[in-house]
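Chemist: fold the following and give me the result.
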Amino acid sequence: MTQSKNITVAIQGQAGSFHEQAARQWYGARATIVPCVTFRDAFDAYANGAADAIVTAVENTIFGSINEVYQLIESCGAPIVGEMKLAIDQMLITRPGAKLTGITEVYSHPVALAQCQSFLKQHMPHATLIEFFDTAGAVEFIASGHALHRAAIAGRAAAELYGLPIAAESIQDDKDNITRFLVLESTDPPVDAARASLVVTTSHQPGALVEVLQIFARAGVNLTKLQSQPIMGQPWQYKFFIIVDCAGAKLRQLINEIKQSNHTVTVLGEYRAA
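Modeler: Down below sits the predicted model:
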């Protein structure tokens, strides 16, 4: 966590969400949270000056990568300055007195619903799964009414915030349910940065990606992530989001070598590995 300071932080979600937990973990209790309905809203809040920083989920061990966020990060004016990993423990939250057998509607963020498919199929196959903009928002929604047939999936903090009981704990498909969050802020990278996120657009020649990867391999640099994304306006052409355990002067040297091979590289940020 960085030292607690007065800063406004845009997140996708609201009070009681995992995004708020991650933002507090990084910036501390003094940070002002700017809740946003969508990931794009969070990035727009930064672009419009309504927030000084963004904390956003980018990848989950069950759900996989959140592709939309990669695209938003690339177009954002703020660099990635940090990453953190948060254990996600999902709870089934109901109104007081509700029975599992009577639950016919389950509300949550689509990522949370995807994380709990085994539990839902086994215990509530009759229930309709309804996507909501946020886990904590789903809890607030069922708390605002009196319907006993509605439930929400969210973290313990949301249940406590809205005073609702937890009907079932740890309902995610895999107990090792971990989400990786990135921190974006217009500030210098930490002096001990040892990881970087890059976007590489290759020359679209046979073996082009291999050529890029070999540059890192020869330098003994570990790649922790490689993901392709389509290039807008160029059907069937792709760019690559790459995370490397390298930063500073050594990284710049390797980037120059890649560019000399007629590839394009954009540095999204340098930071400490979580």
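
Chemist: ok, and what's touching stretch 113-130?
Modeler: The contact list for stretch 113-130 (CB atoms under 8 Å, 6 or more residues apart in numbering) reads 60, 62-63, 88, 90, 92, 100, 103-108, 131, 151, 153, 168, 171-173, 177. C-beta: built from backbone N, CA, C; applies to glycine.

Chemist: buried only: go through those for me.
Modeler: 60, 62-63, 88, 90, 92, 103, 106-108, 151, 153, 168, 171-173, 177 (16 or more other CB atoms under 10 Å).

Chemist: and the closest residue to Glu169 other than its chain neighbours, what pLDDT?
Modeler: Spatial nearest neighbour of Glu169, excluding adjacent residues (CB to CB, 6 or more residues apart in numbering): Met91 at 5.6 Å. pLDDT for Met91: 98.

Chemist: and if you look at Thr2?
Modeler: pLDDT, Thr2: 60.

Chemist: list the contacts of the residue most central in space within the chain.
Modeler: Nearest residue to the geometric centre of the chain (CA atoms, centre = their mean): Ala57, 1.0 Å. Ala57 is in contact with 12, 18-19, 22, 66, 69, 111, 179-181, counting by CB under 8 Å, 6+ apart.

Chemist: after the helix or strand harbouring it, next one along is what?
Modeler: Assigned by DSSP states H and E, Ala57 falls within strand 53-60. Where DSSP H and E defines the elements, the next helix or strand beyond strand 53-60 is strand 64-65.

Chemist: mind listing which of the contacts of stretch 113-130 are in strands?
Modeler: Judged by DSSP state E, the subset of these located in strands is 60, 92, 105-108, 131, 151, 153, 168.

Chemist: circling back to that earlier point, what pairs with the strand holding Ala57, parallel or antiparallel?
Modeler: strand 8-12 (parallel), strand 64-65 (antiparallel), strand 178-185 (antiparallel) (DSSP bridges).

Chemist: if anything else comes up later, I'll come back, but that's it for now.
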